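Participant: predicted structure and sequence below. I'll ask about it afterward.
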Amino acid sequence: METTLKKNYDPKTFEKKVYQDWMDKDLFKADPNSEKEPFCIVLPPPNITGQLHLGHALDQTLQDILARFKRMRGFETLWLPGTDHASIATEVKVVDKIRQEQGLSKKEIGRDKFLKEAWAWRDNYGRRIVDQMKQLGNSCDWSRERFTMDDGCNKAVKEFFVRLYEKDLIYRGNRIINWCPDCKTSLSDIEVEHEEKDGKFWHVNYPIKDEDLYIEIATTRPETILGDTAVAVHPEDERYKHLIGKTVILPLLNREIPIIADEYVDSEFGTGAVKITPSHDPNDFEVGIRHDLPQIRVMNDNASINENGGPYQGMDRYEARKKMVDDLEKLGLIVTVKERVHNVGQCYRCNTAVEPITSEQWFLHMDPLAKPAIDAVKNGDTKFVPERFSKIYFHWLENIRDWCISRQLWWGHRIPAYYCQDCGEMMVLREVPETCSQCKGSNIFQDEDVLDTWFSSALWPFSTLGWPDKTPELDYFYPTSVLVTGYDIIFFWVVRMAFSGLEACQDVPFRHVLVHGLVRDAEGRKMSKSLGNGVDPLQVIDEYGADALRFILIQGNSPGNDLRFHDERLEASRNFANKLWNATRFLLMNLDGDMPLLSEGEHKLTFEDRWILSRLQRVEQEITSNLDKFELGLGLQKVFDFTWNEYCDWYIEMSKTRLYSDNEGARYTAQAVLMEVLQNILKLLHPFMPFITEEIWQNLPGERGNIMVAPWPETKTDWINPEAEEEMGQLVQVIKSIRNIRADMNVPASKKAALMVLNARKELRDTLHKGTPYLMSLASVSGVSFPNTKEMVPEQAVSISFAGAELFIPLEELVDIEKEIQRLDKEKQKLQGEIKRVQGKLKNKGFVEKAPADLVEEEKQKKIKFEEMLKNVEKRMEELQQ
RNA sequence: GGGGAAUUAACUCAGCUGGUAGAGUGUAUCCUUGACGUGGAUAAAGCCGUGGGUUCGAGUCCCUCAUUCCCCACCA
């Protein structure tokens, strides 16, 4: 029969077409009114700032595999896609763009026009990244695509914010926060990355008022001296006890500040005396509150020194530092300068050193929210896979501090707080108020700030399903089934979704969290722009196909572990696709026309038919179990092995005998089994490699729907056939032994040789009899004979050590008796070793008594087998030596 | 200062609930057999990091140490 498949697998020729077909048929669409059991994944929305990278590819491939698997298994499957507005990142990009194109700063262009530009960016790049996701093969319900700043999300954000505010969980306050002088916004604690840097530790003498005494402090940030409002010592520190309550003259500014006692001070560290700068250090801030110290902020938003800095006003923080050290030096107040590595906090977006600063911000009170989130994982409502990540989750939630949720940015959800210009009243409301609730004035303005991006991301699992409205989607799909994400954003996102979901919906947002690792380059380095070692998934798809890309991201990777990206592995996975492609081609070329069906007509199944069908059932069972347990890498490995090693290398090869024969019945049966197994392979592989499996499926004869929505193979346990597996195992072993010896002796396949079988047990004799055609085709055997006596075996024959029969291959002129004896001797030693080990085991009383009975029995059988083989070898050696 | 991960064949990695180690790549030799050389056959190659423990039995469970890599933490 003709086949429409080309000789080589070329994904470019069909991937786009296949995807379009799925789209045209609306196969990704999920129905919230379905009778089926729901399965739901919300896609971690990629930022609209960037291109799709390999991290996305891994994350999304995992989700797609689960979605496709569950869909085939009969679940109503919703994979809900979308994109994230990525407040800071996008704002920075748009600011850049405006500066480059229009030469204007953010302030110059103004809020309204800026937002217009930002939305244009979103339309442009948001669409682009969605197109890229489709190339991966994602089976998302695109009709439900969302954006973290769309109207629905905005409504959810406002609702959630107001509710929290009304419960006193959100408050506004002047507290110390992390400030990025470059992005000019506050940051949450996790948006600050700490890096060890070489720095200096300046020891400075602070003069004590009215006395000829100094108190020595140490600091890594001398510029903050300008904001000092006290010096603190430990109350029990004998060195300083007498100074407590005295006054210090702050150098350079000559301000008078007190010496106070506070347990926070570690007497062992530094000089044991600490300068206290409540406005520029989180600890000092706390000390300041305890001791009612004034807060003096000495920096502007760009980290230059402000009017409180006296002579240093206007200088950049580092410039001021240098100048102040010089000045202190001149005054003779620098006692010593030590080298010191210390942690510097940096902005996670722009790497600028973050400045702790007191500022008026909005905060989310975390303690009451954290507790239910901890409990939900403790009692198993949400499970981490692998489990170890729950530890990280607990640790973080147990030590959490209040979350600064306001940002001094324009791109984001604007905080729904409104102020009356006339009386100063503040209102937190779902809708913009027309008049002041207090004075009825109409001069109302909204809070300038927006919310942290992660505040809206935290609502993603339910805002996308319609919350706060009671929608059928929310009712049916919430809690979602599994969240798939990298370990690097557990803090940013998973934790926040957990407590938000519990607060808003009274239930966890997801039942499982499947955590994966990072994709690294071949050297194990993180892929990054600055290193230029990033691999573009789109280019990979272009060259090798999406299926090959998906394959290497999954194969050999276990949950939670990082993986390295190697080009060579791409070739290997492409080769696998090619193998499957050609196996199909082979089958199609050998059909007689119709679709051969195993379920129709009379079939005389051979032992190899029963074997492959039996193996198929087992593999189906195993893969299904692997996928249920999120062991995707193991599952894929099994389809791979079964397809290549068992189906292609053995079954297809054996089928040729019948396919090329004139016996129509036998031919049809072989075709039917080949087809049956192939179709199931395609199904098992479909979640992993959706394009090629669909394309092949469509090219099989007969009317058929899409494999994407075909039912997942159901294991037919009555097809599991241990006898056939045993029989096949024996034949394979004989064939391999023959091949082995022939290769060893350098006998080319073209030189056929007879196989002589003596003293065979009945079953083996039957097997070898039935297997004769395969011995001939696969082991270059010219024929199999069963002589009655040893005399019929020529002297110059090699023997194959095997249990259950004596096997000989007469290879007269090729056999060197001396060498043959040597070979047998090696064999003998090997067998003796085996026997010794098995005997040792069986002599061990503990083993015989405590090990499972079937295992003991197995060992006994082994012993018998090895002993028989040994006997044969020894006998043969004797014969040859005579 | 805490927490975690990794350590298995030359390389990159699998190895589920403990029962004498697997894959891909690479290497060697052979094969143009009517699906595939993006192929087939055969082979070589591992005291499963160290030291202990539990067990009849440990790559697999527990502890020690070593090396590497992450994450978290307000020591000025």
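Facilitator: On my side now, so go ahead. Note that the coordinates shown come from a computational prediction; the quantities given were computed from them, not determined experimentally.

Participant: which helices and strands sit right next to the longest strand anywhere in chain A?
Facilitator: Looking across chain A with DSSP state E, the single longest strand is strand A:192-207. Helices and strands touching strand A:192-207, by 3 or more C-beta pairs under 8 Å, 6 or more residues apart in numbering; DSSP states H and E, are strand A:214-219, strand A:247-250, helix A:317-330, strand A:334-347. C-beta coordinates here come from the backbone N, C-alpha and C atoms, glycine included.

Participant: is that strand in proximity to RNA strand B?
Facilitator: Yes - remark: strand A:192-207 sits within contact range of RNA strand B at A:193, A:194, by C-beta under 7 Å from any atom of the strand.

Participant: buried sites along stretch A:352-369?
Facilitator: Neighbour-count burial for stretch A:352-369 flags A:353-359, A:361-364, A:366, A:369 (criterion: 16 or more other C-beta atoms under 10 Å).

Participant: if you could redo that for stretch A:702-711, that was the one I meant.
Facilitator: For stretch A:702-711, the neighbour count (16+ other C-beta under 10 Å) marks A:707, A:708, A:710 as buried.

Participant: can you tell me which residues in the stretch 1-150 of chain A are near RNA strand B?
Facilitator: Residues of the stretch 1-150 of chain A lying close to RNA strand B (C-beta under 7 Å from any atom of the strand) are A:7, A:8, A:9, A:10.

Participant: so the second one touches residue A:578, yeah?
Facilitator: Yes - under the criterion of C-beta atoms under 8 Å, residue A:8 makes contact with residue A:578 at 6.5 Å.

Participant: now residue A:528. Its backbone dihedrals?
Facilitator: Phi and psi for residue A:528, reported as degrees, to the nearest 10, are phi -150, psi 160.

Participant: neighbours around it, how many?
Facilitator: By other C-beta atoms under 10 Å, the residues close to residue A:528 number 10.

Participant: cool, the one 4 residues further on as well?
Facilitator: Burial of residue A:532 is recorded as 7 neighbouring residues (other C-beta under 10 Å).

Participant: how about the secondary structure of it?
Facilitator: Under DSSP: H, G, I helix; E, B strand; the rest coil, residue A:532 falls in the coil class.

Participant: now do the contacts for it.
Facilitator: Shown in contact with residue A:532 (C-beta atoms under 8 Å, 6 or more residues apart in numbering): no residues.

Participant: and residue A:220, by the same measure?
Facilitator: If you count contacts by C-beta under 8 Å, 6+ apart, residue A:220 has them with A:199, A:200, A:201, A:202, A:340, A:342.

Participant: now it: how far from residue A:640?
Facilitator: Distance, residue A:220 to residue A:640, by C-beta to C-beta, to the nearest Å: 55 Å.

Participant: try residue A:324
Facilitator: 66 Å.

Participant: who has more neighbours out of these two?
Facilitator: Neighbour tally, residue A:324 and residue A:640, criterion other C-beta under 10 Å: the higher count belongs to residue A:324, 24 against 19.

Participant: where do the helices sit along the stretch 101-250 of chain A?
Facilitator: A:106-109, A:111-136, A:151-166 (DSSP state H, counting those that start in this stretch).

Participant: how about these in JSON lines, adding distance to residue A:34 and mean neighbour count?
Facilitator: Listed next are the helices of the stretch 101-250 of chain A as JSON lines, based on distance: least, C-beta to C-beta, whole Å; neighbours: other C-beta atoms under 10 Å:
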{"stretch": "helix A:106-109", "distance to residue A:34": "48", "mean neighbour count": "14"}
{"stretch": "helix A:111-136", "distance to residue A:34": "24", "mean neighbour count": "16"}
{"stretch": "helix A:151-166", "distance to residue A:34": "22", "mean neighbour count": "19"}
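
Participant: what about whatever residue of chain A ends up closest to RNA strand B, which SS state?
Facilitator: Proximity of chain A to RNA strand B (C-beta to the nearest atom of the strand) peaks at residue A:846, 2.1 Å away. Counting by three-state DSSP, the backbone at residue A:846 sits in helix.

Participant: ok, it - how many residues close by?
Facilitator: 7.

Participant: same check, this time on residue A:263
Facilitator: If you count neighbours by other C-beta under 10 Å, residue A:263 ends up with 11.

Participant: helix, strand or coil for it?
Facilitator: Applying three-state DSSP to residue A:263 yields a three-state assignment of coil.

Participant: that one: what's it in contact with?
Facilitator: A:234, A:235.

Participant: next: the one 4 residues further on.
Facilitator: By C-beta under 8 Å, 6+ apart, residue A:267 lies in contact with A:233, A:234, A:236, A:237, A:239.

Participant: residues from the stretch 151-300 of chain A in reach of RNA strand B?
Facilitator: By C-beta under 7 Å from any atom of the strand, the part of the stretch 151-300 of chain A that sits against RNA strand B consists of A:189-190, A:193-194, A:218-221, A:264-275, A:281-283.

Participant: buried among the residues you listed? Make that a PyMOL selection.
Facilitator: Buried residues within those, by 16+ other C-beta under 10 Å, are selected in PyMOL with:
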select buried, chain A and resi 190+218+219+220+221+265+267+270+271+272+273+274+275+281+283
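
Participant: can you tell me the closest non-neighbouring residue to residue A:262?
Facilitator: The shortest distance from residue A:262 to any non-neighbouring residue, by C-beta to C-beta, 6 or more residues apart in numbering, is to residue A:232 (4.7 Å).

Participant: now do the same contact list for the one you found.
Facilitator: Shown in contact with residue A:232 (C-beta under 8 Å, 6+ apart): A:259, A:260, A:261, A:262, A:264, A:265, A:273, A:274, A:276, A:287.

Participant: okay, the buried residues of stretch A:702-711 in JSON lines with pLDDT and distance to residue A:750 next?
Facilitator: Shown next, in JSON lines, are those (pLDDT from 0 to 100; distance: C-beta to C-beta, whole Å):
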{"residue": "A:707", "pLDDT": "98", "distance to residue A:750": "42"}
{"residue": "A:708", "pLDDT": "97", "distance to residue A:750": "46"}
{"residue": "A:710", "pLDDT": "97", "distance to residue A:750": "44"}
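
Participant: sorry, back to before: quick one: buried ones out of the contacts of residue A:267?
Facilitator: By neighbour count, with 16+ other C-beta under 10 Å, the contacts of residue A:267 hold A:233, A:234, A:237 as buried.

Participant: isn't the second one right up against residue A:262?
Facilitator: The reference is to residue A:234. Yes - judged on C-beta under 8 Å, residue A:234 makes contact with residue A:262 at a distance of 7.5 Å.

Participant: so which of the contacts of residue A:267 belong to strands?
Facilitator: residue A:233.

Participant: and the contacts of residue A:267, which two are the farthest apart?
Facilitator: Pairwise distances among the contacts of residue A:267 were taken by C-beta to C-beta; the largest, 10.4 Å, belongs to A:236 and A:239.

Participant: neighbours of the closest residue to residue A:780 other than its chain neighbours, just the number please.
Facilitator: In space, and not counting its chain neighbours, residue A:780 is closest to residue A:749: 4.8 Å by C-beta to C-beta, 6+ apart. Applying other C-beta under 10 Å, we find 11 residues neighbouring residue A:749.

Participant: Three-state assignment for residue A:649, please.
Facilitator: Strictly by three-state DSSP, residue A:649 counts as helix.

Participant: number of residues surrounding it?
Facilitator: With neighbours defined by other C-beta under 10 Å, the count for residue A:649 comes to 13.

Participant: now distance to residue A:555 and pLDDT too, for the contacts of residue A:267, in JSON lines please.
Facilitator: JSON lines is the format used below for these (distance: C-beta to C-beta, whole Å; pLDDT from 0 to 100):
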{"residue": "A:233", "distance to residue A:555": "62", "pLDDT": "94"}
{"residue": "A:234", "distance to residue A:555": "59", "pLDDT": "93"}
{"residue": "A:236", "distance to residue A:555": "62", "pLDDT": "91"}
{"residue": "A:237", "distance to residue A:555": "62", "pLDDT": "91"}
{"residue": "A:239", "distance to residue A:555": "64", "pLDDT": "92"}
